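Peer 1: mind folding the following:
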Amino acid sequence: MITTVTLNVAVDKAYVVDELNKGEVMRVKTCSNTAGGKGLNVAKVARLCKEEVLATGFVGGHNGAYVEELLEGYKVKSQFVHVKGETRSCINVLAADGSSTEFLEPGEPIEPSEVDDFLLQFEEIAKKSDVVTISGSVPRGVDISIYGKLIDLVKTAGHKVILDTSGKLLEESVKACPTMIKPNDDEIEALLGVPVTNREEIIAGAIKLREMGIPMVVVSLGSEGALLVTEEGVYQGKPPKLEVVNTVGCGDSMTAAFAVGLYRGYDSEEMLRYAVAVSAANALTMKTGSFLEKDLQEILPRVEVKKL
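Peer 2: Just a heads-up that it's a prediction; the model follows:
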């Protein structure tokens, strides 16, 4: 089973407009609501990959109940800790020019007793989870040390864990040496304290991070695909040229696909090819954290993977 951790859950609202003009009344053409937060995007995509998925984290209030209902529609099982605060809402405004403007609420504070409840629950969840993904930010009231604690629990259970976060959370959590991280070039700079200005320095930085005890390091290259650094070597996976519709959620889709690859026991090349294809397929739909199977099957054999 794949478990996804989302501590800062949200109801994601996507507004489609002709154009976004500051200070004016905007007429929304269409609006869609989804269960949001990076980890829930991961959960939805992993389920579309036809694997059993459990979503966990914090939810509260009417929005929290709505998130659980939305996940049922994706056939994603959930086991959340229910908290007193209301689950946040986040808005993504998609304009006709292809721009995406996001408004992310901070979320209500989580009480210390609620954090303790989650840690107790997660210890049991970790024992039955083959692969765990930990994604995104944490709400107020949750210390940045929590991801390190979750990583330790998963590793103690003998299972694999993917970490996808940023900033101080990333810097603190990598100390626990998860199975995989997915930093960008700026985050590699912050983690290592060295400049990263070109592809060679990105690769060198990723290799350094692996040597520090993180078995797999993935660096997204946008339209150029992604790099994967493992014990087997350094690989680049590049998708074919596509007519992109929406890139929101592509990173989470890639995380989900890597989790699926780890669960299925794919080798490095097969895992990277699959992850790049799933991420690219996500870019062909307006839905966040989604893809069409026909798109995936068309893209998969066209992904170029080479060992550098």
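Peer 1: can you classify residue 56 by secondary structure?
Peer 2: strand (DSSP: H, G, I helix; E, B strand; the rest coil).
Peer 1: going forward can the numbers begin at 21, since that is how I track them
Peer 2: All right, first residue 21 from here; so that's residue 76.
Peer 1: what number of residues are in the vicinity of the residue nearest to it when sequence neighbours are not counted?
Peer 2: Distance criterion Cβ to Cβ, 6 or more residues apart in numbering; nearest residue to residue 76, sequence neighbours excluded, is residue 99 at 5.2 Å. C-beta: built from backbone N, CA, C; applies to glycine. For residue 99, the neighbour count with other Cβ atoms under 10 Å is 13.
Peer 1: touching, residue 99 and residue 78? I think so.
Peer 2: No - counting by Cβ atoms under 8 Å, residue 99 stays clear of residue 78, with 11.5 Å between them.
Peer 1: residues contacting the residue nearest to residue 76?
Peer 2: Counting by Cβ atoms under 8 Å, 6 or more residues apart in numbering, residue 99 touches 74-76, 141, 145.
Peer 1: show me what counts as buried in the lowest-mean-pLDDT helix or strand in the chain.
Peer 2: In the chain, no helix or strand scores lower on mean pLDDT, DSSP states H and E than strand 120-124, which sits at a mean of 88. In terms of neighbour count (16 or more other Cβ atoms under 10 Å), strand 120-124 has no buried residues at all.
Peer 1: name the helices or strands packed onto that strand?
Peer 2: Contacts defined by 3 or more Cβ pairs under 8 Å, 6 or more residues apart in numbering; DSSP states H and E place strand 120-124 against strand 108-115.
Peer 1: re the thing from before, ok, the contacts of residue 99 vs residue 323, which is closest?
Peer 2: residue 75 (27.7 Å; Cβ to Cβ).
Peer 1: the closest one and residue 174: what is the separation?
Peer 2: In this view, residue 75 and residue 174 are 16 Å apart by Cβ to Cβ, to the nearest Å.
Peer 1: higher neighbour count, the two?
Peer 2: residue 75 (29 against 26).
Peer 1: so the more buried one touches residue 58, yeah?
Peer 2: No - if you go by Cβ under 8 Å, residue 75 and residue 58 don't touch, sitting 11.7 Å apart.
Peer 1: shared neighbours, those two?
Peer 2: Counting by Cβ under 8 Å, 6+ apart, the residues touching both residue 75 and residue 58 are residue 26.
Peer 1: could you pull out the buried residues of stretch 249-264?
Peer 2: 249-250, 254-259.
Peer 1: next, the contact list for the one residue sitting closest to the centre of the chain, please.
Peer 2: Nearest residue to the geometric centre of the chain (Cα atoms, centre = their mean): residue 272, 3.3 Å. Residue 272 makes contacts with 58-59, 61-62, 65, 155, 184, 309, as judged by Cβ under 8 Å, 6+ apart.
Peer 1: ok so, going back, look up how far residue 137 lies from the residue nearest to residue 76.
Peer 2: Distance from residue 99 to residue 137, by Cβ to Cβ: 12 Å.
Peer 1: with that, I have no additional questions.
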